[in-house]
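> Sequence plus the predicted model coming up.
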Amino acid sequence: MPFLALGLTPNIVRAAARQGFETPSPIQTLAIPLILGGSDLLACAQTGSGKTLAYGLPLLQRLAKQPSHSPRQPAVLVLVPTRELAIQVGESLRNIANHMDVSVRISVVFGGVSLNPQLLAIRGGSNLIVATPGRLLDLVSHNAVNLSTCKHYVLDEADRLLDLGFQEELQAIGRLLPQDKQNVFISATFPERVLELAQTMLREPERISIPSEPQSEPDITQHAILVDTGRRTQLLRHLISTQHWKRVLVFVATKHAAEIVADKLRKARIYAEPFHGELSQGKRMQVLSDFKASRLKVVIATDMASRGLDIRQLPVVVNYDLPRSSNDYTHRIGRTGRAGEAGIAYTFVTPQTRSHFRMIEKKNSLSIAVETIEGFEPEIDASVVEDTSAGTSTGGVKGKRPSKKDKLRAATKLQ
Ligand code: AMP
C-alpha cells in the first residue's frame with residue numbers, strides 16, 4: 001500500500017519519497033491513519049521499525065493543516081530518553097519538514113550541553129519540540145516554553161524513559177500539558193510499570209503491535225565464543241584482523257572497561273574510541289559521526305548505545321561483556337542487521353559467565369552453540385567454574401553463587 005492511500009497529502013508523500021521512503025513500513029501502515037484520525041495510540045514497536053515517521057508524518061501533516069496561532073507556541077511534544085535519540089528523531093522530522101510547503105519550526109533540546117543556545121532557540125518559537133525530559137523541565141523553569149498549547153504528545157521509547165528513572169519528570173511534564181490532547185505511546189516492551197504509565201496517559205487508545213524482535217530476524221547471525229576473561233581483547237583484535245571487519249560496535253559493561261579496551265586497541269594500532277555517558281556531548285557526537293563516516297573502525301560502548309542508535313551498514317556487533325538482561329541482549333544485537341542488511345553478533349562467553357549466557361538464551365528462546373576459536377580455547381574446563389565471579393570481571397552479571405558442594409566438586413575436578 002502506498003503512503004498516499006494512508007491519508008497523507010501528496011506534499012508529505014513527496015517529502016518522504018525524497019528521503020527514499022516509497023512504501024510504508026508495517027507500523028507506519030497501521031499508525032498513520034489512526035494518528036491522522038486523532039486517536040490516542042498505544043504501539044508496541046522497536047527502533048528500526050520506522051516508528052519515528054509512523055508518528056512523525058501524520059503529526060507534521062496535522063501541524064501543516066492547523067498552524068498554531070502563534071509560532072512561539074508548541075503544538076507537538078515528543079519526549080525521548082536520550083540525547084542521541086533526540087538528535088536522530090529531530091533529524092528525521094526535519095528532513096521531512098524541510099520539503100513541506102508550510103514552514104514548521106522544530107526544536108530539539110537535550111541535556112549535557114549548555115542551556116543558553118537551546119533557551120534562545122526555543123524562545124524564538126517552535127511548533128514541534130523533541131526533548132529529553134530533564135532539559136525540557138529546565139527550559140520550562142526558565143520560562144522559555146509553555147506546554148499548555150500542546151495538542152499532540154508522543155512518548156517515544158517509553159520503557160527506556162522509565163528504565164532511566166524519568167518517572168517523576170514525566171509526571172511533572174504531564175501536569176504542564178493540557179488534558180485535551182492526542183497521546184501517542186510507543187514502547188518496545190510492556191512490563192507492568194510501562195502499562196501503568198500508559199493507563200494514566202491514554203484515553204481509549206487504539207492498540208497496535210509490530211512483532212519485530214531482532215533476535216528472531218533471520219539476517220542476524222549469532223555466535224557465542226568461549227574464551228578466558230583475560231584474553232578477550234586479544235580475541236577481539238584477532239577477529240577484527242582475520243574477519244576484515246570494517247566497522248564494529250563492541251559492548252562492554254562499564255565506562256571504565258570502554259576506556260581500557262579502546263586504549264588497548266589503539267595501542268595495537270586499531271583506531272577505536274570509547275562511547276559512554278561520562279563523555280561530553282560534543283565528544284559523543286564526534287565519535288558517532290566519525291563512526292558513521294568510517295573514519296573510525298571500532299566503538300567500545302556501554303549499554304547507553306544499545307537502544308535508539310541507528311547506524312546504517314553496521315555489519316558486526318560484539319558483546320565483549322555479557323549484558324545484564326536478556327532484553328539488553330536483544331537491544332544490543334539489534335544495532336546490526338538493520339534496514340534489510342545482514343548482520344553478525346558475536347558474544348564472548350567466559351567460563352564464569354556461561355550460565356548467565358544460558359539464561360539469556362533461554363529467556364530469548366535462543367539456542368546458540370558455544371564455539372571456541374583455535375588459539376583462544378579457555379584454559380580451565382568451563383563446567384567447573386561457572387559463576388564464581390558474578391558482579392566482578394563478568395561485567396556485573398547476575399548469576400547464582402556456587403554452593404559449597406559446587407566448590408568442592410570443582411576443586412576435586414581441578415586436582
Ligand atoms: P526508526 O524505527 O524510526 O528508528 O527507523 C529506522 C530506520 O528506518 C531509519 O533509518 C529510517 O530512516 C528508516 N525508515 C523509516 N521509514 C521507512 C520506510 N517507509 N521505508 C524505508 N526505510 C524507512
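Nice, thanks for sending it over.
> how about the helices in the stretch 51-200 of the chain?
Using DSSP state H, counting those that start in this stretch, the helices of the stretch 51-200 of the chain run over 51-65, 83-97, 115-123, 133-141, 158-163, 167-176, 192-201.
> For the protein, give me the ranges with low pLDDT.
Where the chain drops to pLDDT under 70, the residues are 67-72, 211-218, 306-310, 339-340, 380-415.
> List the contacts of Phe3.
Residues near Phe3 by Cβ atoms under 8 Å, 6 or more residues apart in numbering: 12-13, 16-17, 21-24, 28, 32, 57. The way it works is simple: take the backbone N, C-alpha and C, and place the C-beta from them, glycine included.
> Just name the closest of the residues you listed to the ligand, please.
Nearest to the ligand out of the contacts of Phe3 is Phe21 (Cβ to the nearest ligand atom; 3.8 Å).
> burial count for the closest one?
18 (other Cβ atoms under 10 Å).
> wait, doesn't it sit right on Leu53?
Yes - assessed by Cβ atoms under 8 Å, Phe21 is found in contact with Leu53 at 6.9 Å.
> outside of stretch 262-273, which residues touch it?
With contact meaning Cβ under 8 Å, 6+ apart, stretch 262-273 is reached by 233, 236-237, 240, 250, 261, 274, 287, 290-291, 296-300.
> Stretch 289-303 now?
Residues outside stretch 289-303 that contact it (Cβ under 8 Å, 6+ apart) are 240, 245-255, 257-258, 261-262, 265, 270-277, 287, 305, 311-312, 320, 323-324, 328, 331-332.
> Out of those residues, list just those in helices.
Under the assignment DSSP state H, the contacts of stretch 289-303 contribute 240, 255, 257-258, 261-262, 265, 287, 328, 331-332 to helices.
> Distance to Tyr346 and neighbour count added to the residues you listed, as TSV?
Output for these, formatted as TSV (distance: Cβ to Cβ, whole Å; neighbours: other Cβ atoms under 10 Å):
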residue	distance to Tyr346	neighbour count
Ile240	11	21
Lys255	22	17
Ala257	17	20
Ala258	17	29
Val261	14	21
Ala262	17	23
Leu265	15	21
Val287	21	23
Asp328	16	18
His331	16	23
Arg332	11	24
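> Nearest to the ligand among those?
Using Cβ to the nearest ligand atom, the ones in helices among the contacts of stretch 289-303 come closest to the ligand at His331, 12.5 Å.
> re earlier: looking at the contacts of stretch 262-273, which two lie furthest apart in space?
Distances among the contacts of stretch 262-273 were taken as Cβ to Cβ; the most separated pair is Thr233 and Asp290, at 21.3 Å.
> What segments of the protein are strands?
Along the chain, the segments classed as strands by DSSP state E run 41-44, 76-79, 106-109, 128-131, 152-156, 182-187, 206-209, 220-226, 248-251, 272-275, 298-301, 316-319, 343-349, 370-371.
> and those as CSV, adding mean neighbour count?
Formatted as CSV, the strands of the chain follow (neighbours: other Cβ atoms under 10 Å):
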stretch, mean neighbour count
strand 41-44, 23
strand 76-79, 25
strand 106-109, 23
strand 128-131, 27
strand 152-156, 24
strand 182-187, 24
strand 206-209, 16
strand 220-226, 19
strand 248-251, 27
strand 272-275, 24
strand 298-301, 26
strand 316-319, 25
strand 343-349, 23
strand 370-371, 14
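> any chance of the ones you listed in CSV, with distance to the ligand too?
Formatted as CSV, the strands of the chain follow (distance: least, Cβ to the nearest ligand atom, whole Å):
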stretch, distance to the ligand
strand 41-44, 11
strand 76-79, 12
strand 106-109, 15
strand 128-131, 12
strand 152-156, 9
strand 182-187, 9
strand 206-209, 14
strand 220-226, 15
strand 248-251, 16
strand 272-275, 18
strand 298-301, 18
strand 316-319, 16
strand 343-349, 14
strand 370-371, 31
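> how about those in a markdown table, adding distance to Ile87?
Putting those into a markdown table (distance: least, Cβ to Cβ, whole Å) gives the following:
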| stretch | distance to Ile87 |
| --- | --- |
| strand 41-44 | 22 |
| strand 76-79 | 12 |
| strand 106-109 | 6 |
| strand 128-131 | 9 |
| strand 152-156 | 13 |
| strand 182-187 | 18 |
| strand 206-209 | 26 |
| strand 220-226 | 25 |
| strand 248-251 | 17 |
| strand 272-275 | 14 |
| strand 298-301 | 16 |
| strand 316-319 | 21 |
| strand 343-349 | 23 |
| strand 370-371 | 38 |
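> For Leu162, which of those is the nearest?
strand 182-187 (8.8 Å).
> so what secondary structure elements neighbour that closest one?
helix 26-36, strand 41-44, helix 51-65, strand 152-156, helix 158-163, helix 192-201 (3 or more Cβ pairs under 8 Å, 6 or more residues apart in numbering; DSSP states H and E).
> hmm, try it at 6 Å
strand 41-44, strand 152-156, helix 158-163, helix 192-201 (3 or more Cβ pairs under 6 Å, 6 or more residues apart in numbering; DSSP states H and E).
> from the chain's centre, how far out does the second one sit?
Going back to what we said before, that points to strand 152-156. Centroid displacement of strand 152-156 relative to its chain, using Cα atoms, centre = their mean, to the nearest Å, is 17 Å.
> That strand pairs with which strands, and in what direction?
strand 76-79 (parallel), strand 182-187 (parallel) (DSSP bridges).
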